[in-house]
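A.B. asks: Got a predicted structure here, sequence first:
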There are 2 protein chains.
Amino acid sequence: MARATIEDVADKAGVSVATVDRVLNGRAKVRPQNAKRVEAAIRSLNYHPDRLAARLAKGREYRFCFVLPKGDNVFMRGLEQEISSHALHLESERVNADILYTDVFDPQSLADALHGLRGYDGVAVVALDHPKVREAIAGLSERDVVVVTLVSDVPGSARAHFVGIDNSAAGRTAATLMGRYCGERKGSIGVIAGSMSLRDHAERHFGFMQVMQQEYRGLKVLPVCEGRDNANRNEQMVATMLEATPDLIGIYNIGSGPEGILAALRNKDFSVTFITHELNTFTRKGLIEGSIAVVIAQDPGHEIRSAMRVLMARCDRAPILAAMERIAIDIYVRDNLP
Amino acid sequence: MARATIEDVADKAGVSVATVDRVLNGRAKVRPQNAKRVEAAIRSLNYHPDRLAARLAKGREYRFCFVLPKGDNVFMRGLEQEISSHALHLESERVNADILYTDVFDPQSLADALHGLRGYDGVAVVALDHPKVREAIAGLSERDVVVVTLVSDVPGSARAHFVGIDNSAAGRTAATLMGRYCGERKGSIGVIAGSMSLRDHAERHFGFMQVMQQEYRGLKVLPVCEGRDNANRNEQMVATMLEATPDLIGIYNIGSGPEGILAALRNKDFSVTFITHELNTFTRKGLIEGSIAVVIAQDPGHEIRSAMRVLMARCDRAPILAAMERIAIDIYVRDNLP
DNA sequence: CTCAATTTGACATACGTCTATCAGTTCTTG
DNA sequence: CAAGAACTGATAGACGTATGTCAAATTGAG
């Protein structure tokens, strides 16, 4: 048998389609007795409104805004590219996606940007975990704007969903691989981060330390060096580190700017196990030539598509499919590159 | 401005909507001169038919059939489960998915099953690479049934698409991780497969050997043991192997039945690096307790969703988004389990 | 039992496309 | 240049839902 329509429901419940519609969309008062019968009919026919028809009828346009950090962070630029290429693909789904750039490191300007957004049905934001930002998210939410956090979460805020990975698990993953790759060898492990005030960096570091301390006591983890995700600073820091630490056998790069670290390691003949995050031209090349042992990544394409799907579903008050929206912690070695 | 409709195109081209429709859907002959003008109008307005409206109007029902091996292979049962749970989810997309079970190891019965399919718009098949199967796929294709191969490909056949991973790359990935995990240690590596006549197993073995021979000469790879994916046989084979090979330091399990291998390794105190395929209750538990070092996997949920999307797109003659349909070779360690 | 308030039903229009029909126009061909 | 063939336009109905209007039915209060 074909799908049930709203008319079937009306027949079954012995009321008119108008009344079914009133129940479904809370359009007007319906006597409880009738509402009950409608609901029973819906259940017994397993009726679900046809989303296609509903969207067509509503002529709804989804207006979304993606709020991204400006700057030359390769990963963020990748996200940006995915957004534009998807907005194109989604034109047939009536999705309009704008991109707004803000300063990553300044909670106030991010909060201001969020407060200034008008006319959007949904907002996806690469957020900073700060009270001002949390409050801005609450503000949007109150105005019925669906908010999802992207890549970096603001736990406990009014966001409807977080699209991204568990960063402390990512850090633990890095540690396990570092420990296993180093095997029986003993020595020091250097850790480079962008800034420990970035929640994702701090979380990765936390997870990394947790596993290293519990399971790989033979490896001595050096204090974090903060390079602000800048390749030149990273290069300099690693060069210094190499001089000061003759027994350095591994480096974990928590943030961006791996090319600086690679430059500093150039003449170490791949003897230092280097684990870093995110897949891009530099890290891809590093994996292939052997200078990078492992890359831990999240798929920006998946994240953008997931954010769009979640925003759309939330706007329609439709359920989402958890398994489909889970963002994986991807491990790449030379041989499983996409 | 809002999306262009078929009417806008008709106006712009100075013809009627009927003519535009004839051009779009090849419904009847249109004078070349008019066809040109319509196409120009489509381009200049960047017109794309609204898929929602089109689907609604066509009232199209997609009828798909998934052809899976019968038996108790955990991975296949996982696929099955994903199909049913998705068919449910896709009821709102008008997708009907049946499942047909066949004998994996018999090309003739698979070919017969394929020949016997009637009334489907699309077929997804976990195939065997055999001339009879290839011919059966060609037959379906001629009757305008879209065929995609799932998990195991039939290269050079008339299938429209392959949904699955590159198995020789998966084997290489396993080898790289095995080599790195073993580090400086020297010793023997055991390899267990279901059957080398299964294309995916043979390919994984090929990739594994390729990397081991080129890069990890210190490790001696033993000849493949074929256990028909049976846990008991696997257990027995590994027990024998352990006795005969005192320097065994790693096992690569190409196929299914890891629980047998785990049983045989029980009292080895995790000193053997065990790498196996696919995520399930056994391998998940093994990763957590430490008896399995790495699991190489493909996401069955993703594969089913991808197969459905590809089938739908091909039926509509719509393009697919390659990046979205790429199935990744997933690497799991204890810390990045979903 | 009456009157007003509340609830309901029937119907119309719209969303953008598909499909079909039929009369009307333009083109071929002899 | 007439007859037939090839093409085109106008229009209608369908898909399943949303939304609005208005009259009819039901209810509750007094």
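C.D. replies: All right, it came through fine.

A.B. asks: Can you report how many residues neighbour the residue of the stretch 201-338 of chain A found nearest DNA strand C?
C.D. replies: Closest to DNA strand C within the stretch 201-338 of chain A is A:D316: 15.2 Å, counting by C-beta to the nearest atom of the strand. The way it works is simple: take the backbone N, C-alpha and C, and place the C-beta from them, glycine included. A:D316: 15 surrounding residues under other C-beta atoms under 10 Å in any protein chain shown.

A.B. asks: Apart from its neighbours in sequence, what residue is nearest it?
C.D. replies: Leaving aside its sequence neighbours, A:D316 sits nearest to A:R51 (C-beta to C-beta, 6 or more residues apart in numbering or on different chains; 6.9 Å).

A.B. asks: hang on, the earlier thing: what about the residue of the stretch 201-338 of chain A closest to DNA strand C, distance to DNA strand D?
C.D. replies: 9 Å (C-beta to the nearest atom of the strand, to the nearest Å).

A.B. asks: likewise A:C65?
C.D. replies: Counting by C-beta to the nearest atom of the strand - A:C65 and DNA strand D are separated by 23 Å.

A.B. asks: Tell me the gap between stretch A:180-194 and the middle of its chain.
C.D. replies: 27 Å (C-alpha atoms, centre = their mean, to the nearest Å).

A.B. asks: Determine whether any part of it lies close to chain B.
C.D. replies: Yes - judged by C-beta under 8 Å from any C-beta of the partner chain, stretch A:180-194 comes into contact with chain B at A:180-185.

A.B. asks: picking that back up, can you count the residues close to the residue nearest to A:D316?
C.D. replies: 15.

A.B. asks: Would you check that it makes contact with A:R317?
C.D. replies: No - contact criterion C-beta atoms under 8 Å: A:R51 and A:R317 do not qualify, at 11.0 Å.

A.B. asks: Which secondary structure state does whichever residue of chain A sits closest to DNA strand D sit in?
C.D. replies: Nearest to DNA strand D in chain A, going by C-beta to the nearest atom of the strand, is A:A57, at a distance of 2.9 Å. Using DSSP: H, G, I helix; E, B strand; the rest coil, the structure places A:A57 in helix.

A.B. asks: what does the one 10 residues further on give?
C.D. replies: The assignment at A:V67 comes out as strand when based on three-state DSSP.

A.B. asks: what's A:L128 in contact with, if anything?
C.D. replies: A:104-105, A:107, A:110, A:152, A:154, A:198-199 (C-beta atoms under 8 Å, 6 or more residues apart in numbering or on different chains).

A.B. asks: To clarify, my last question referred to A:P107.
C.D. replies: Going by C-beta under 8 Å, 6+ apart, the list of residues near A:P107 reads A:128, A:130-133.

A.B. asks: if we go to 10 Å?
C.D. replies: Contacts for A:P107 (C-beta atoms under 10 Å, 6 or more residues apart in numbering or on different chains) come out as A:127-134, A:136.

A.B. asks: picking that back up, from A:E93, how far off is the residue nearest to A:D316?
C.D. replies: Taking C-beta to C-beta, to the nearest Å as the measure, A:R51 falls 11 Å from A:E93.

A.B. asks: Can you work out which residues contact both of those two?
C.D. replies: A:312, B:52.

A.B. asks: Against DNA strand C, how distant is the nearest residue to A:R199 once chain neighbours are set aside?
C.D. replies: Nearest residue to A:R199, sequence neighbours excluded (C-beta to C-beta, 6+ apart): A:D129, at 4.5 Å. Using C-beta to the nearest atom of the strand, A:D129 is found at 41 Å from DNA strand C.

A.B. asks: wait, A:D129 sits on A:R159?
C.D. replies: No - the criterion here is C-beta atoms under 10 Å, and A:D129 misses it with A:R159 at 11.3 Å.

A.B. asks: Give the residues shared as contacts by the two.
C.D. replies: Contacts common to A:D129 and A:R159, judged by C-beta under 10 Å, 6+ apart, are A:149, A:153.

A.B. asks: neighbour count winner among those two?
C.D. replies: More neighbours surround A:R159 than the other of A:D129 and A:R159, with 24 against 20 (other C-beta under 10 Å).

A.B. asks: Next, see if the helix or strand containing A:L262 gets close to chain B.
C.D. replies: In this assignment (DSSP states H and E), A:L262 forms part of helix A:258-265. No - residues of helix A:258-265 are not located near chain B by C-beta under 10 Å from any C-beta of the partner chain, the shortest gap being 17.4 Å.

A.B. asks: In that helix, which residues are buried?
C.D. replies: Neighbour-count burial for helix A:258-265, with 16 or more other C-beta atoms under 10 Å in any protein chain shown as criterion, is recorded at A:258-262, A:264-265.

A.B. asks: Same list (the residues you listed) but as a markdown table, adding pLDDT.
C.D. replies: As requested, the buried residues of helix A:258-265 are exported to a markdown table (pLDDT from 0 to 100):
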| residue | pLDDT |
| --- | --- |
| A:P258 | 93 |
| A:E259 | 94 |
| A:G260 | 95 |
| A:I261 | 96 |
| A:L262 | 95 |
| A:A264 | 94 |
| A:L265 | 93 |
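
A.B. asks: Can you lay out those residues as TSV showing distance to B:F282?
C.D. replies: Converted to TSV, those look like this (distance: C-beta to C-beta, whole Å):
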residue	distance to B:F282
A:P258	36
A:E259	41
A:G260	43
A:I261	39
A:L262	39
A:A264	43
A:L265	39
